[in-house]
Every structure is written in C-alpha cells, then in structure tokens.
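Participant: Sequence unavailable; structure follows:
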C-alpha cells in the first residue's frame, strides 16, 4: 500500500521545511464546515508521535503551537482543537482546527454529528480571508527559528 | 462558572505532579467502549496549549508521550490517538486513547458514530488488566525525569 501522505501534499501546502509541511484542508465536507483547518504533516513516514526523537517531538509541537498562535491572533476562535489520530492514514499528522461557537458542530468535536447547519458559507464568517491566514503562517514560519 | 477540572480529578488519578495529573477515564460510555483511555490534565487553569510556556509545553508533551509509550508497550494498540479539544471544558487536558481495530469505532474517531457493537466487554479483550497499566504508568512516572 502506498501512503497518501508520502505521495501527495494532503492539502494546500503553506509551509515546507525539511521535517514537516503545513497544509490547509481545502477539499471536502471538512473544509466547507471548518475552513480554518490546517494540518502539520511530518515528512518521515512514522505512525506514532512517540516514534519521534525528543528533539523532533519538541520541534513538531513548537510548529503546531505556531499554527495555533496564528489562528488565535488572526481569527479569535472560540477554541483551537489539536489532534493526531491517524487511524485511517497512519503517517504522523496533526490537525489544527479553529473552532467557533457558531460552527456546525460546536461544542462537539468535528468528527461527531453536526448540531446545526449554517445558513451561509462558513469561510465568509471568518474575520479575514483564509489567504491572509495562509500568508501570515508562511511569514511566521519564515521568520521563526523553527 | 466553576471549572470541573479545577474542582475534581476528572477520572481515576494515576499520577500526580505539581504541573499535571494523569487520570484514567472510568465513567460513562467512553470508558466502556475505550477502556485504555487516559487523560493528562494540566494543573493550572489555561484554555489553550499555546497558553503554556515553551518549557511547560515540552514537559506536557513528554508526559503525553510517556503515557503513549506505556500503552504501546503493554497493550500493543492498533493506533494511539492524541487530542486536546476543550470545547466543553476549556481547561487544558490531553486525551490519550489506545485504539484497536476491533473497537466499536475503529478506524473512526471515538467521537464519531459507532461502526459496530462488541459482543463482550472491551476491557476483557485487552492483553492485561487495566490496573496493570495503571501501575506501569505510575511506575514510569516515578522513575522518569519528567
């Protein structure tokens, strides 16, 4: 079996470093409902977070934190959700999702059933266009010592 | 509003340090379906992972990793799931969940709909009694330099 995260970006690539890339989820129901949905995808094919060395784990979470900080600063979400599951694609990747009290599932996890439907496109309710968030992320990673 | 994680352990306490405690989820549907379900609960009431200092974040994830390693070593799960959501209780806590290909939801997240029902108690399918896992966790934290 070929790994889909070894053979494709798995989203719109925003940041690339030797150790990881950061992508925005742009396809499917998830992107429609949760537009500020980013993933950090580790470059090396490992399944579990504990497969990384201590320094790689710290680097990985520093990067996840940088994504979280950018989402908080620009979009003021009600909450940020972080998760690494990998049950379907066991290649280490972290979900970083800005959640809003008005989104279709809040306060349920994004993987649960929807609690409501939005009358308008979710992306249009964000403070800023997502391309601005993408740019800020790219900028923060180019200036951060990550 | 009082915070339920400031006023109660939020599970069966296995490990306590000044910075965090580790509990096993023992009540409700989650515990019945996913018996090897642990949580790291940060002591200080902060909402987001990025509210922690860099050293606290590293400490926190080193501890999460230690839980993951213990679950992998003792139970050989199909996958470990890590998540910090906090939409309902915005006090920093990490879910560390051993998942098995036979569990009621695999490969879906534990927060999605069940895909099957188990004919027997899920805990009885684990390699070891959970009290042994609890003991191993307590031991690993007493010997680890965390």
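Facilitator: That came through, no problem. All values reported here derive from a predicted model rather than from experimental measurement. Numbers count the residues shown, from 1 in each chain, chains lettered A, B, ... in the order given.
Participant: elements contacting the longest helix seen in chain A?
Facilitator: When chain A is parsed with DSSP state H, its longest helix is helix A:54-75. The contact analysis (3 or more C-beta pairs under 8 Å, 6 or more residues apart in numbering or on different chains; DSSP states H and E) places helix A:54-75 against strand A:20-24, strand A:37-42, strand A:79-84, strand A:93-99, helix A:130-143, helix B:54-75. For the C-beta atoms, the positions are set from N, CA and C on the backbone; glycine is no exception.
Participant: In CSV: these, plus mean neighbour count and mean pLDDT.
Facilitator: Listed next are the helices and strands packed on helix A:54-75 as CSV, based on neighbours: other C-beta atoms under 10 Å in any protein chain shown; pLDDT from 0 to 100:
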stretch, mean neighbour count, mean pLDDT
strand A:20-24, 22, 98
strand A:37-42, 23, 98
strand A:79-84, 22, 98
strand A:93-99, 23, 98
helix A:130-143, 15, 95
helix B:54-75, 19, 98
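Participant: could you dump the ones you listed to a markdown table with distance to residue B:101?
Facilitator: Output for the helices and strands packed on helix A:54-75, formatted as a markdown table (distance: least, C-beta to C-beta, whole Å):
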| stretch | distance to residue B:101 |
| --- | --- |
| strand A:20-24 | 27 |
| strand A:37-42 | 23 |
| strand A:79-84 | 18 |
| strand A:93-99 | 20 |
| helix A:130-143 | 35 |
| helix B:54-75 | 13 |
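Participant: Tell me which of these sits nearest to residue B:105.
Facilitator: Residue B:105 sits nearest to strand A:79-84 of all the helices and strands packed on helix A:54-75, at 14.3 Å, using C-beta to C-beta.
Participant: what about the closest one, near chain B?
Facilitator: Yes: for strand A:79-84, a contact with chain B is found by C-beta under 8 Å from any C-beta of the partner chain, at A:79, A:80, A:81, A:82, A:83, A:84.
Participant: which one of those residues sits closest to chain B?
Facilitator: For these, the minimum distance to chain B (C-beta to the nearest C-beta) is 3.7 Å, reached by residue A:83.
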